[in-house]
Structures are given as structure tokens and as C-alpha cells.
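Novice: Would you be able to build a 3D model of this:
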Amino acid sequence: MTSPAISPAALAPAPAGPAPFACQPEASRGRLYPEPGPDGRSEFQRDRDRIVHSSAFRRLQYKTQVFVYHEGDHYRTRLTHSLEVAQIARSVARALGLNEDLAEALALAHDLGHTPFGHAGEEALNEVMGPYGGFDHNEQTLRILTSLERRYLAFDGLNLTWEAVEGVVKHNGPVHAPPPSIAAYAARQDLWLDSYAGAEAQIAALSDDIAYNNHDIDDGLRAGLFAMADLAAVPLVGPVMARLLAEHGEAEPSRLAHELVRRLINIMVGDLLAETRQRIQRLQPRSADEVRRLGRPLAGFSEAMQANDRALKSFLFEHMYRHYKVNRMTAKARIVVQDLFRLYMAEPERLPAEWQRQLAGRDPAGTARLVADYIAGMTDRFALNEHHRLFESDPQS
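Specialist: Now for the predicted structure:
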């Protein structure tokens, strides 16, 4: 795994104390179900710890980022990606005087709702769920955090703070047309869906952008989907690579790739900090709620970096996400997910007993949502094994 190795120069100077617009755990709007007071940890530390100890978080170890788990031990999974996002988010939050624990919690939770096989699995599940409200991984993350994790006697879900739930739901901005699960939850605990999230959630989302773009370069080079020379024309990446080759052209290719990713992350983090500090200076938010009411993000990249980011995404889409080797696996992923969905809908008795018990009283849409919850929670490995057992096993065995 490539260490981001964010330079002290990029992060300094850090504020002497919390920024006035940071989310403060002692001022939290609380949890849906009231709980006893502090236990030596802040409320946001408790949120982070509950996410780390959840079953959904553990399953990320065997969920695809781009490559399915068995294609190589060194490629990133949803788990390693989430840890890398959390590291960047925490470092940026510290530099801006934001709440590090909340930023970390949001980064660790942001991918919990992903299906097996990455975006291919999500697209396949969304297609078969079309008649029943569709499927969205962000909505699924909320379902996991508020109902599907069943670890506590007093409530379903993890009962996270308002700020953590809000940050998960709105990390990409206001939600003006919420899907059913988000709308239903917001009716119980108002999440201010028409506003932006707090600064910590904005930082977590941008850290996700930084991590997956740059680490997909690393994984794509490792897999041989493209070569260093193919990156030469990509804005930002090409010039950084040219300087690197001029300085260390005789180094091992693997070291050059790691150094390229390290430098790119440093540049993007530095840009994020510089642009966000300029916005803070101009807008002067005095509270976390003022950040939510600004009508625009407080955190962000400069216009030049946004253009660089789009260009890199375009390169990766063409050379990696739509590479024929990746497409082979995504085609199989679609078949696996949709075969399983159709079978469980037709024969729900094939579901495990604890899932069958939840079928009572459900209409077809409710059954479909239950089946989608079950499939979305599968790891790549489990889904492949289950498909083999149900569709490919020897009937005499």
C-alpha cells in the first residue's frame, strides 16, 4: 500500500485550537435513541469505534475496489481504500482545525453500502431493483448504519450522532430528491437535507476523491492496464511524472509508481488546503451551522485542480474502468448479482433462516428490498461461492 506521506509543509500552519466552524462533540444534536453520557471518549470517537467494530466494516476486506479479491493480494479493496481515505481526511481536518474524529468516522463509513464487485454490482442490483425503487449505495450505507447492523439490545443500527448520519447522507452535497430510506429516516430525525453537510463531511468526500484517483493509478500500473508512458499527456500527472523521470529515471518502476502517487497526493492535498483556507478567509463562517447554510461548499479544490481531477478521471475511465480485462470481470459480476436476485425473489426459501424470518407480511417490494439487503451485504468471495453452489454445482453432489 502506498503511503500518502503528506508533507508537513503542505499541512502547516495548523490552527492553535478548534476552528469556530468545526463540529464539536459536546454540542452534538445527539442520537436518535438517547444513551448514557460520556464514557471517556467523545461522542464522535464513539461513532468511529462503532463503525470499526461493525460487521459491514469487516466485510469491506473482501469487497472490490476495482479488482475482485482473488485477482491479487496487493490490489486495493474497499477496506484498504477506506483506511487510506481516513488517513487523508484526518490529516486535512487537523490542518484546518476541524474535528478529526468525525472526519475519520465519516471516511471509514462512506463505502459501507457498496455491493460486491464494486460499481458493476451496484449497477446490476439497481437494474433488477428498478421496479421496487432502485438501489443506491449511499442510501444503503444509511440503512446499514440505522437498521441493518443489529448489535445492540436497545436499538437497530449503530445509533450514531446526528452529525455522523448527516455527514454520511450529505457528503456529496444537499439531497433534494431523497430516495425512500433517506426520506423515511429524515422524517424521524431532520437531517437538513436541503443544506450542505458540515466541513468534516466535505473533507471526507474530497479525501475519497484524492485517494481513489491516485491509488487507482498505482493499481492500474501494477496490473499492466496502462504504462507510465500513457500518463504523459494527462494534466498534472504528466508534468509530475516528467520531473520524476528526470530526477530518478533509473529507479525501479514500482518505486517510481509509488513516488508518483505520493507526489500527486501531496499536490492535491496542498491545493485542497490552500483553496479551503481562502474560502474560510472570504466567508468567515462562525459555526458549523453557518457552514451548512452557506449555499455552497466550504471545502474544495481550486478551479485548476478541479480540471486536473476531471482529466484524471477521464483517463482512468478509458484506460482502467473500461479496460477489457476489467470488463470481463464486471460482466460476470452482473450475471452473478442478477442471477442471485432473481432466484431469491422466486424462491425466498433459499435465503438463510434468519433472513426468511423477516419475510412475514412483506409485499413484493418489501421482499425485493430484503433480498437486495442480503445481496448487498455479500463479499465478492461469498457471492461467487453462493452463485456456484446454487447454479453450477453438480446436482448429484
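
Novice: Please enumerate the helices of the stretch 251-397 of the chain.
Specialist: 253-283, 288-292, 303-316, 324-346, 353-356, 364-376, 380-387 (DSSP state H, counting those that start in this stretch).

Novice: got a markdown table for these, with mean neighbour count and mean pLDDT too?
Specialist: Where you see a C-beta, it was placed from the backbone N, CA and C, and this is true even at glycine. Listed next are the helices of the stretch 251-397 of the chain as a markdown table, based on neighbours: other C-beta atoms under 10 Å; pLDDT from 0 to 100:
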| stretch | mean neighbour count | mean pLDDT |
| --- | --- | --- |
| helix 253-283 | 18 | 95 |
| helix 288-292 | 20 | 98 |
| helix 303-316 | 16 | 96 |
| helix 324-346 | 17 | 90 |
| helix 353-356 | 11 | 95 |
| helix 364-376 | 19 | 97 |
| helix 380-387 | 19 | 93 |
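
Novice: which one of those lies closest to residue 62?
Specialist: Closest to residue 62 of those, according to C-beta to C-beta: helix 380-387, at 5.0 Å.

Novice: List the contacts of the closest one.
Specialist: 62-64, 68-70, 116-117, 121, 336-337, 339-340, 375, 378 (C-beta atoms under 8 Å, 6 or more residues apart in numbering).

Novice: How far does stretch 163-172 sit from its chain's centre?
Specialist: 12 Å (C-alpha atoms, centre = their mean, to the nearest Å).

Novice: Next: stretch 280-299.
Specialist: Mean C-alpha position of stretch 280-299 versus that of the full chain (C-alpha atoms, centre = their mean) differs by 24 Å.

Novice: just to revisit the earlier point, is it possible to get JSON lines of the helices of the stretch 251-397 of the chain that adds distance to residue 76?
Specialist: Output for the helices of the stretch 251-397 of the chain, formatted as JSON lines (distance: least, C-beta to C-beta, whole Å):
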{"stretch": "helix 253-283", "distance to residue 76": "12"}
{"stretch": "helix 288-292", "distance to residue 76": "31"}
{"stretch": "helix 303-316", "distance to residue 76": "13"}
{"stretch": "helix 324-346", "distance to residue 76": "14"}
{"stretch": "helix 353-356", "distance to residue 76": "30"}
{"stretch": "helix 364-376", "distance to residue 76": "20"}
{"stretch": "helix 380-387", "distance to residue 76": "13"}
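
Novice: for the ones you listed, which one sits closest to residue 182?
Specialist: Closest of the helices of the stretch 251-397 of the chain to residue 182 is helix 364-376, at 13.7 Å (criterion: C-beta to C-beta).

Novice: Tell me what angle that closest one forms with helix 324-346.
Specialist: 140 degrees (axes from the mean of the first three to the mean of the last three C-alpha atoms, to 10 degrees).

Novice: Which other helices and strands does helix 364-376 contact?
Specialist: Counting contacts by 3 or more C-beta pairs under 8 Å, 6 or more residues apart in numbering; DSSP states H and E, helix 364-376 is packed against helix 118-128, helix 137-143, helix 324-346.

Novice: can you rerun that using 7 Å?
Specialist: For helix 364-376, the elements it packs on are helix 118-128, helix 324-346, judged by 3 or more C-beta pairs under 7 Å, 6 or more residues apart in numbering; DSSP states H and E.

Novice: Make a markdown table from these and add distance to residue 389 to it.
Specialist: Converted to a markdown table, the helices and strands packed on helix 364-376 look like this (distance: least, C-beta to C-beta, whole Å):
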| stretch | distance to residue 389 |
| --- | --- |
| helix 118-128 | 18 |
| helix 324-346 | 11 |
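
Novice: shaky segments in this structure?
Specialist: 1-14, 16, 65-74, 393-397 (pLDDT under 70).

Novice: how far out from the middle of the chain is the host helix or strand of residue 106?
Specialist: Under DSSP states H and E, the secondary-structure element containing residue 106 is helix 100-109. With C-alpha atoms, centre = their mean as the basis, helix 100-109 stands 11 Å off its chain's centre.
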